[in-house]
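Structure for this input, please:
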Amino acid sequence: MNSISNMKIYFAGSIRGGREDTELYGKIVALLANYGIVLTEHLADSKISSYGETHMSNNEIYNRDIMWLKESDVVIAEVTIPSLGVGYEIGFAEALGKKVIILYRPSDGKRLSAMLSGNKKCEYVEYSDISELSAIFDALLK
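Numbering: from 1, shown residues only. Prediction:
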């Protein structure tokens, strides 16, 4: 992995699956910026709705995101809001041999897919509040 100053981080979170965590994504992106370059900081943009980036075609988004996944050093996915795209990104990153960190906030009545929580090739982290993530990132990214 690259040194902290030039580490390239691909942060994944739901867009078309739901934008309820946009504010949280902004806080996560701000924390991750302390560890390197966040290639996907647009995820925190409150102007992006569940319709996605409407100024780009689906093919343009796919090609850009695949390029970013390939150049990233680590993929960090917040998966509390289920997203087919984020699941795809995790699988693609794993196939590329990237370090993958999966973040999940447990809640009553919801369970994370065993395909994520049971995957020993990924770092799986449960957390309840943003305040816990600095220590988690310190442990996993340094």
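
Same question for the helix or strand encompassing E60: list its buried residues.
E60 is part of helix 58-71 when elements are defined by DSSP states H and E. Neighbour counts over helix 58-71 (16 or more other CB atoms under 10 Å) mark D65, W68, L69 as buried. The C-beta positions use only the backbone N, C-alpha and C, and glycine is treated the same way.

ok, the nearest residue to A33 once chain neighbours are set aside - contacts?
Spatially, and ignoring its direct neighbours in sequence, A33 is nearest to E41 (7.7 Å; CB to CB, 6 or more residues apart in numbering). For E41, the contact set (CB atoms under 8 Å, 6 or more residues apart in numbering) comprises F11, V29, A33.

what number of residues lie near A33?
A total of 13 residues lie near A33 under the criterion other CB atoms under 10 Å.

Can you mark which positions in the lowest-mean-pLDDT helix or strand in the chain are buried?
Lowest on mean pLDDT, DSSP states H and E among the helices and strands of the chain sits helix 114-117, with a mean of 90. Neighbour-count burial for helix 114-117 flags L116 (criterion: 16+ other CB under 10 Å).

tell me what it is packed against?
For helix 114-117, the packing partners by 3 or more CB pairs under 8 Å, 6 or more residues apart in numbering; DSSP states H and E come out as helix 84-95, strand 99-104.

how far does that helix sit from the chain's center?
Centroid separation between helix 114-117 and its chain, computed with CA atoms, centre = their mean, to the nearest Å, is 15 Å.

could you dump it to CSV, C-alpha only?
Coordinates of each C-alpha in helix 114-117 appear next as CSV, following Å, rounded to 0.1, in the frame of the first residue of the first chain:
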residue,chain,number,x,y,z
ALA,A,114,-23.5,-13.4,4.6
MET,A,115,-21.6,-12.8,1.3
LEU,A,116,-20.2,-9.7,2.9
SER,A,117,-20.0,-10.5,6.6
